Every structure is written in C-alpha cells, then in structure tokens.
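Undergrad: build the 3D model from these lines:
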Amino acid sequence: GTRKKDKLALAAVEKIVKNANADFVAVTGDMVYPMPLLNQGTLNNLKSTKMFASVMEKLGVDWTVVFGNHDSEVWARLDKEQLGDFYSAQPHCHFQKGDPDIF
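TA: Below you'll find the predicted structure:
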C-alpha cells in the first residue's frame, strides 16, 4: 500500500544522497501528499513530514525544501506556515519562510 511505497521512496532518497556524496540537498516540492481518497494515505501531513525529515537529518547533510502544491492540501492537518516552522527547527535544514502568498 501507500506506506510501503513511502518507505521505498525514502530509502531511494537516502541511497541517492549517500551515493552522490552530496554537500547540500534541495527537495523541490511534494515531500508529502495528504490524501483522504479511497482510504489511501492520511490527512496527518506532520507524520509523513517527520518521517521525511528524520531521513534527511540521519544523513547529516545540509538540506532544504521548496513546497509543492500537495504538501499542505486544504484538508491536511498542518498548513504551509506550520510545516515551515517544523522544517526551520530541524538542525540541518536551511528552510526559511518567505511570502505566504507565493506558492
């Protein structure tokens, strides 16, 4: 199901970053996709965001994110502002909040 695919995707990210011996990683959009349709996925985008961030932090590389159109769907638990607070608090994440009207 969805959880298995998420774990495979995170494992792939980890492998790519390690193999590239990256100094900095920028992830551009749709890190998570809160999806209530067909009982697949979850509305709790914080849970998925924490999973993603823990992989990035475990790698010990500096990183940042750029929000996509699905990271904070209208039905998601956290909005972009709250997700931004979470990302900004991660030790290796260089995310900074900007104008909230810019997607």
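Undergrad: what helices and strands are in contact with the longest helix along the chain?
TA: Longest helix in the chain by number of residues (criterion: DSSP state H): helix 2-20. With contacts defined as 3 or more Cβ pairs under 8 Å, 6 or more residues apart in numbering; DSSP states H and E, helix 2-20 has these neighbours: helix 45-59. For glycine as for every other residue, the C-beta is placed from the backbone atoms N, C-alpha and C.
Undergrad: packing partners of the helix or strand following the longest helix of the chain?
TA: Once helix 2-20 ends, the next helix or strand along the chain (criterion: DSSP states H and E) is strand 24-28. Where contact means 3+ Cβ pairs under 8 Å, 6+ apart, strand 24-28 is packed against helix 45-59, strand 62-66.
Undergrad: how far is strand 24-28 from where the chain is centred?
TA: Distance, stretch centre to chain centre, for strand 24-28: 10 Å (Cα atoms, centre = their mean, to the nearest Å).
Undergrad: who does it pair up with?
TA: Partner strands for strand 24-28, per DSSP bridges, with pairing direction: strand 62-66 (parallel).
Undergrad: CA atoms only for the strand it pairs with, dumped as CSV, please.
TA: Extracted as CSV, the C-alpha positions of strand 62-66 are listed here (Å, rounded to 0.1, in the frame of the first residue of the first chain):
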residue,chain,number,x,y,z
ASP,A,62,22.6,20.2,4.9
TRP,A,63,19.2,20.4,3.1
THR,A,64,16.2,22.4,2.4
VAL,A,65,12.7,22.1,0.8
VAL,A,66,10.5,24.0,-1.5
